[in-house]
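Undergrad: sequence plus the predicted model coming up.
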Amino acid sequence: MLRTVVLYAFVVIGFLFFCLPVHAEQYIVSDSNELDKAVKAALPGDTIVMKNGTWKDALIRLNGNSGEPGKEITLRAETGGKVLLTGTSRLRIGKDYWVVDGLRFQDGGLPNTSYGGIVEFRDGSGKHANHSRLTNTQIIGYNPPSKDTDYKWVSLFGTHNRVDHSHFEGKNHAGALLVVWRYGDTDKDRDYHQIDYNYFGKIPVFGKNGAEAIRIGTSEYSRGASNTIVESNLFEEANGEAEIISVKSWENIIRYNTLRNSQGGIVLRHGDNSEVYGNYILGGNLCNTVGIRIIGYGHKVYNNYISGIGCSYKPLSAAIILMNGDPKYNEDPSRGELVLHTYKQARYAEIVHNTLVNNKNNVHIGVGSEGYNVPPDSITIANNVIYGTTAPLINLLSKPTNMTYKGNVMFGAGLGITPVPEGIVMQDPAVAMSGDGLFRPSAASPVKDQAQGSFPYVDKDMDGQSRDGAKDVGADELSASKPERAPLTRGQVGPSWLEAPPAAAPAASSASTAAVQASASAASANSTAPAAGLAASGSPQATTEASGGSGGYTMYMASAGVVLAGVLVWGIGRGRRRKGRGA
Ligand SMILES: [Ca+2]
Ligand SMILES: [Ca+2]
């Protein structure tokens, strides 16, 4: 009887105990010493709060415990944007399941390469972070004294890390801004990083290679999959060099990004089987702007809207560029020494359902330096709308082999291929500028329902609207359903604490018959809330977290649990003894 009562009490109180919110400690720190102590002490679910103010020359090393799935350890600013990291301050995330939230790097820069980069997802060589996250953070003009000093602003190591809702502006020196580092090409070397809802802005022309906004891999490890996703980022005046996003590995996804007035493009430089879709590339008629440049095998390029590319004829400034291969390229060790740094042949790409409108240069096929004479092969160009006034719409700089054209509608200038191949119809697509500044087909457009062939992965359009049974040619499906996305504005990306400048009004609208799609979606992008104000406390000691109940109460419940466990053990022991006596 007593045992039953004890067990019943245990079940009831134990149930209450486990229903309580998970207790988490909060450490409030005001200098680097306190921060280091808190890092050592923090356990899964805990939060370290950096007090508002200026932190000069701080080296933040997150090298204590790892968090756990759903119980990450968070390092955050007391108030988003109010923790100012200056001088040579930098951050090393060296453990798994950490979240860094709300920091601001400004009024600083690293004097030379011995400092490493600004943010690294590792704490020293080989000590990589996994499943960790940098969010809501800003790095502004954190430049070295000499523009030739090469360091990265964010280096991703490990796997499954995320950089999101952050703001990067004003990088003027050598070195890609954000890099995914790879060390092998096997299945174990897949990265699975996510880079999303960030702002990349005001990167001045650097004048040579090595000033990409994002680079995924290197030629050395370009024969394996990274599986990195770059999505919903906004690039404005990211003019560093010809490659804004440089893909140098297999199986990456580049989608839903907006590139605006940026003198470069999305470049599939190395590796195979990447997908580039649903991007808005708006070149503003600037010189050296690029849409998507393709090298390697098996890429899918679809639902992209590309406009305003180029100012005059340049082979390397066009909406879509298919490069020639270098005959010296060799990725097969059985055929001799590896030569990976040069150009692989472009093969098997599917370039479908894109809309190219008002570009100076549209499609360039077979671009390459002297001696790069392996032309694109087995490329499919299908269901694209090209509307432009500069001839030729397709410029064959080398003669490709085994081209497939299907269902394309092109108009406005000479095609550049005679006779016009089957699969290209020279016909006015009847596009007009819509209220959102994008050229869209009218309801009476001949592109409606006229797509050819089966491309099952194109099940949505550039707006995120479903394709109907008879797909429209181009990136846009005429649809009455609510669009999921539109070209990104600054208010949709970057830190939640950062006030976006007022969005520029879209270009003056001309008469449009596609008004049904004019309303741009304003899907809220920011998923992280700004750090709430905290009670002032200079102590690095653990304080209690508002959502976790009082520490005293937690302590009481923990004690109660221990007592109950003791009672249970006692009860079970009695039961065993009874059984023993009866045997
Ligand atoms: Ca349709
Ligand atoms: Ca649509």
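TA: Looks like it arrived, so ask away. Ligands and ions are numbered 1, 2, ... in the order given.

Undergrad: pick out the residue in the stretch 251-400 of the chain sitting closest to ligand 2.
TA: Asn303 (9.9 Å; CB to the ion). All C-beta spots, glycine's among them, are computed from the backbone N, C-alpha and C.

Undergrad: give me the pLDDT value at that residue.
TA: We have a pLDDT of 98 for Asn303.

Undergrad: can you pull the contacts of it?
TA: Taking CB atoms under 8 Å, 6 or more residues apart in numbering, we find Asn303 in contact with 277-278, 353-354, 458, 460-462, 475.

Undergrad: which of these fall in strands?
TA: Those of the contacts of Asn303 mapping onto strands are Tyr277, per DSSP state E.

Undergrad: for Val493, state which of the contacts of Asn303 is nearest.
TA: The nearest member of the contacts of Asn303 to Val493, counting by CB to CB, is Gly278 at 15.4 Å.

Undergrad: and that closest one, how many residues sit next to it?
TA: For Gly278, the neighbour count with other CB atoms under 10 Å is 24.

Undergrad: tell me which two of the contacts of Asn303 sit farthest apart.
TA: Asn354 and Lys460 (13.8 Å).

Undergrad: these two: which has the busier surroundings?
TA: Taking other CB under 10 Å, Asn354 and Lys460 do not tie; Asn354 has more neighbours (31 against 19).

Undergrad: my read: Leu259 touches Phe235, true?
TA: Yes. Under the criterion of CB atoms under 8 Å, Leu259 makes contact with Phe235 at 4.5 Å.

Undergrad: what residues are shared contacts of these two?
TA: By CB under 8 Å, 6+ apart, the residues touching both Leu259 and Phe235 are Ile244.

Undergrad: hang on, Asn279 packs against Ser262?
TA: No. Judged on CB under 8 Å, Asn279 makes no contact with Ser262 at a distance of 11.8 Å.

Undergrad: give me the residue from the stretch 151-300 of the chain nearest ligand 1.
TA: For the stretch 151-300 of the chain, CB to the ion, closest residue to ligand 1: Gly278, 17.4 Å.

Undergrad: residue contacts, that residue?
TA: Per CB under 8 Å, 6+ apart, neighbours of Gly278: 255-256, 303-304, 460, 462, 464, 485.

Undergrad: okay if I get these as a markdown table plus distance to Asp101?
TA: Formatted as a markdown table, these follow (distance: CB to CB, whole Å):
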| residue | distance to Asp101 |
| --- | --- |
| Arg255 | 25 |
| Tyr256 | 23 |
| Asn303 | 33 |
| Asn304 | 32 |
| Lys460 | 32 |
| Met462 | 32 |
| Gly464 | 28 |
| Arg485 | 25 |
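
Undergrad: before we move on, back to that, ok, the contacts of Asn303 vs ligand 1, which is closest?
TA: Nearest member of the contacts of Asn303 to ligand 1, counting by CB to the ion, is Asp461, at 9.2 Å.

Undergrad: which parts of the stretch 1-150 of the chain are strands?
TA: 25-29, 47-50, 53-56, 59-62, 73-77, 83-87, 90-93, 98-101, 103-108, 119-120, 133-135, 138-140 (DSSP state E, counting those that start in this stretch).

Undergrad: ignore the last one, the stretch 401-550 of the chain
TA: Using DSSP E, counting those that start in this stretch, strands in the stretch 401-550 of the chain cover 404-406, 408-411, 424-426, 431-433, 439-441, 542-544.
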